[in-house]
Each structure stands twice: as structure tokens, then as C-alpha cells.
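>>> All I have is the shape, not the residue letters:
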């Protein structure tokens, strides 16, 4: 064996509804694509066609041996108009959950993963101070519908990425560039998470369950000064980390609010996580208030640095500060030809298994190639290749390695020779 998996570590994958399902035009990203604002002209209305291929895809997950699966539900399908719920959509997701459970895969349900129903988007979404209660109402419907078959929940995915890309940098819909809008979104998403966290526990206790686990998926980066000897670089690095992830992490984990997160009604100091959810992809080399990448480093096809040590650093840092298990709710790499993903999987899981850390779950991003937001279909993160013209699924070499790791509890010499030996990063 090249290495054995850490004892108790469960391996699975993650997806988001809008990125794989197809068929829904009632959300802000479908409209954004229809306006021609996705780089390659693609649209989530097509995506990977998962909505009509759910059983096929879950069968493939089971064949690959996935133990856990983080999946999303599409708010705009379940509540197409405010206060109106679609029974067929609810039944569809219920059948999906029941089927994955039947196949031995434990579900982790994400309630909000970047996309909004058009009615919510057009009222300002999380900029609107009514949004925490509106989101809570949707959470109530979700738990009423699935609370007897789902015990683990992510309330909101990457609130910092959502708010900065959509409302500060103007890169995603609704393309705003406003610090005030960012502050409102940070503050209201914190309240939405806190209220939903409390409700999910309360409701499932009423249902007679005591195994509820709730958190949020927190996008974290390692921020380091480009030149550690430059005081401006050091200050910019610390400030970037605080504004992008430090303040929102503290607020959503503990209810302690400080600028740019303002305290909203219902947010009190407390503990609002049952595990620490980390989405980790890269490190930032900071010389100002903008993202940067080291010049001489391995990079993926989006130009992000491949820095495996960062995940361990962040898991230990947050584990020490907040306590409890860490679920790696997303980790993966953009590799459009699957030429180095096997090496990436090998290196990251070897490090998790051999370093001291509180990680107990690893959800690889992504199970299959998907609609990668503004990048469209061009950038591929999947363990499974999707031919968008035919929707044919093919397990990649990296996916076969991942399956082998789960089956064998680590990387055998044979698997290393077949999948990893000739898999190399690029600069």
C-alpha cells in the first residue's frame, strides 16, 4: 500500500442542483445565461441533465462505492412563486433521497447553493432585510418534506463567494458593485443561517430525532503576503482574509457580528454549527486588495495554485478555534483533460490520512462535469466525464482511482502504477 486512509474517514462527492440538473428556467442563473453573460454561451437549463437521470447517476455513485453525497435542491423548482410549492418537485427530491439511501449513500442536503428563484432575486434576494424570514420559510418547507429521511444539512453554500462575486465585484448576477449591498447580504445570510439552524434542530426534535447535524459550507483560502518582508503585503493579506472570510465565518459559527457583518434580529451569540464545513481550493498570494497567484507554482486549468497543505492548515486552525469535526464539503481541481486529477486526489487524501487533523468527511468536487457558473461548460471538475451533446457519462481515470481508494481503504501499489504514476501537475 502507498498509504492507508485515515481511520473513520468517509469519502464521497458533492454537486449543486443548478450545475447538474438542467430543465429549470426559473432561477437567476438561467436568466443570466439567457442574457448571453456566460463565457462559452452555455446554460444551466441544459447542464448535465441530472434531473431526468437521477437513478442512473446514483447507480453510478454506488458502483464507484461513494459513502456520502452532498447534493443540492433547486429552490425555484420547489417554490416557483412565493408561498406556492410544487408537490411534484418535492416528490422528485424525496425519491432521490430515498434512492441514494437505499444504495447505501448517506445524504448531506444543501438548501441554498448560489441560485435564487426569480421572484426572490427580483426583490433583492439577500440584500432585502426580509430575506432571513423568507429563507426560514423555505427551510421549514424543506425540513417538513425531508426531515424524516435527512439528518444532515448545509444551510447556505459559500456566503462569501456569493456576496463578493454578485454584489461587490459585479461578476455574477445581479452584477452589482456596492459595499453596502455586500454588508446587507453578509448580515442577512448570517441571520438566515442562524434562524434555519435553530429551526432544523427544533423541528427534527419534534419529529423524534436526535441525530441532526447542521452547518454551512464555508469557502476558505490561505492568504499569504507575496513578499513576507513587505509590511504593506502583510497588512493587505490580513485585511483580505478578514474581509473575505474571517468576519463571516465568526458570525455564522458563533453569532458574533462585526463589520462587514451587522447583527440582525434573531442573531444571538451561540454555537451554530455541528461540524465545520470547509470548501477548499487554493492559496492567495497577496500584494494588494485583490487575488494573486505565485509565479512559480503548480496550477490547475483555471490558473489556481495547487496547494494541498492549505486544507490541513485551515482544518486545524478552525478545529482548534471552534471545536468539532471537519467535513471537507468541497475539494477538487479544474483539469479539463483529466491529466493531473489522479495525482491531485492521491496527494490530497495522502496528506489528510497522514497529517494530524480533525477531518472526518471528504466530499470531492465534483461527482460529474457540470455548468461551472460564469465559466460555463468549458471548465471540468468531475470524476465522471459528461458529453454535453449526448449526456453520456464515462468514469474518468481519476474517478477509477477514487473508486479504488474507497474499495481498498487506501492506494495500493497497483492503483498507483495504473493511475497516479503518469499523472503530473503543470506550471
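Great, that's in hand. Keep in mind that this is a model prediction, so the values were computed, not measured. Numbering: from 1, shown residues only.
>>> all contacts plus neighbour counts: C-alpha atoms, from now on.
Fine.
>>> ranges for the strands of the stretch 151-300 of the chain?
152-157, 213-225, 276-286 (DSSP state E, counting those that start in this stretch).
>>> Paired strands for the first one, with orientation please.
Right, the one you point to is strand 152-157. The strands beside strand 152-157 in its sheet (DSSP bridges) come out as strand 106-112 (parallel), strand 213-225 (parallel).
>>> Count the neighbours of residue 277 for me.
27 (other C-alpha atoms under 10 Å).
>>> Which residues are in contact with it?
215, 216, 217, 218, 326, 327, 328, 329 (C-alpha atoms under 8 Å, 6 or more residues apart in numbering).
>>> one more time with 10 Å
Taking C-alpha atoms under 10 Å, 6 or more residues apart in numbering, we find residue 277 in contact with 154, 157-158, 214-220, 315, 318, 325-330, 359, 361.
>>> follow-up on the earlier one: now tabulate the strands of the stretch 151-300 of the chain in JSON lines and tack on distance to residue 39 and mean pLDDT.
Conversion of these to JSON lines gives the following (distance: least, C-alpha to C-alpha, whole Å; pLDDT from 0 to 100):
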{"stretch": "strand 152-157", "distance to residue 39": "23", "mean pLDDT": "98"}
{"stretch": "strand 213-225", "distance to residue 39": "23", "mean pLDDT": "96"}
{"stretch": "strand 276-286", "distance to residue 39": "21", "mean pLDDT": "95"}
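>>> For residue 378, which of those strands is the nearest?
Taking C-alpha to C-alpha, strand 276-286 is the member of the strands of the stretch 151-300 of the chain nearest to residue 378, at 18.3 Å.
>>> on that earlier part again, nearest approach to residue 417 belongs to which of the strands paired with strand 152-157?
Ranking the strands paired with strand 152-157 by proximity to residue 417 (C-alpha to C-alpha) places strand 106-112 first, at 31.0 Å.
>>> How far does the closest one sit from its chain's centre?
10 Å (C-alpha atoms, centre = their mean, to the nearest Å).
>>> So which bits of that strand are buried?
Residues of strand 106-112 classed as buried: 106, 107, 108, 109, 110, 111, 112 (neighbour count, 16 or more other C-alpha atoms under 10 Å).
>>> what's downstream of it, the next helix or strand?
Reading on from strand 106-112 to the C-terminus, the next helix or strand found by DSSP states H and E is helix 118-121.
>>> Would you mind getting the angle between the following helix or strand past that following helix and strand 106-112?
For helix 118-121, the following helix or strand on the C-terminal side (DSSP H and E) is helix 131-146. Relative orientation of helix 131-146 versus strand 106-112 (axes from the mean of the first three to the mean of the last three C-alpha atoms, to 10 degrees): 150 degrees.
>>> Just give me how far stretch 78-94 sits from the chain centre.
Computed by C-alpha atoms, centre = their mean, the chain-centroid distance of stretch 78-94 equals 23 Å.
>>> list the buried ones in it?
Buried-residue list, stretch 78-94, by 16+ other C-alpha under 10 Å: 78, 79, 80, 85, 89, 90, 93.
>>> for stretch 38-52, same thing?
Neighbour-count burial for stretch 38-52 flags 38, 42, 43, 44, 45, 46, 47, 48, 49, 50, 51 (criterion: 16+ other C-alpha under 10 Å).
>>> which one of those residues is nearest residue 408?
Among those, and counting by C-alpha to C-alpha, the member closest to residue 408 is residue 50, at 28.7 Å.
>>> Residue 220 versus the closest one, what's the distance?
28 Å (C-alpha to C-alpha, to the nearest Å).
>>> can you tell me how far residue 347 sits from residue 155?
30 Å.
>>> hmm, back to that, can you redo the strands paired with strand 152-157 as TSV with distance to residue 278?
TSV is the format used below for the strands paired with strand 152-157 (distance: least, C-alpha to C-alpha, whole Å):
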stretch	distance to residue 278
strand 106-112	14
strand 213-225	5
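>>> Can you check which of those gets nearest to residue 7?
strand 106-112 (17.9 Å).
>>> picking that back up, kindly reformat the strands of the stretch 151-300 of the chain as a markdown table containing distance to residue 191.
Output for the strands of the stretch 151-300 of the chain, formatted as a markdown table (distance: least, C-alpha to C-alpha, whole Å):
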| stretch | distance to residue 191 |
| --- | --- |
| strand 152-157 | 11 |
| strand 213-225 | 12 |
| strand 276-286 | 18 |
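>>> Of all these, which one is nearest residue 420?
The nearest among these, by C-alpha to C-alpha, is strand 276-286 at 20.1 Å.
>>> Give me the sheet partners of the closest one and which way each runs.
strand 213-225 (parallel), strand 326-331 (parallel).
>>> check contacts around the nearest residue to residue 292 once chain neighbours are set aside.
Nearest-residue entry for residue 292: residue 285, 4.7 Å, with adjacent residues in sequence omitted and distances by C-alpha to C-alpha, 6 or more residues apart in numbering. Residue 285 is in contact with 222-227, 233, 237, 291-295, 305, counting by C-alpha under 10 Å, 6+ apart.
>>> partner residues bridging residue 108?
Beta-bridge partners, per DSSP bridges, of residue 108: residue 70.
>>> Was I right to think it contacts residue 16?
No - counting by C-alpha atoms under 10 Å, residue 108 sits too far from residue 16 to count as a contact (11.5 Å).
>>> Between those two, which contacts overlap?
Counting by C-alpha under 10 Å, 6+ apart, the contacts common to residue 108 and residue 16 are 70, 71, 72.
>>> Can you show me the helices along the stretch 151-300 of the chain?
Listed in chain order, the helices of the stretch 151-300 of the chain (DSSP state H, counting those that start in this stretch) span 159-163, 179-206, 231-241, 247-254.
>>> Hmm, residue 424 is touching residue 347, no?
No - applying C-alpha under 10 Å as the test, residue 424 and residue 347 come out as separate, 11.2 Å apart.
>>> what sits in contact with each of those two?
residue 341.
>>> circling back: reformat the buried residues of strand 106-112 as TSV; add pLDDT and distance to residue 270.
What follows is the buried residues of strand 106-112, written out as TSV (pLDDT from 0 to 100; distance: C-alpha to C-alpha, whole Å):
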residue	pLDDT	distance to residue 270
106	98	28
107	98	26
108	98	23
109	98	23
110	98	22
111	98	22
112	98	22
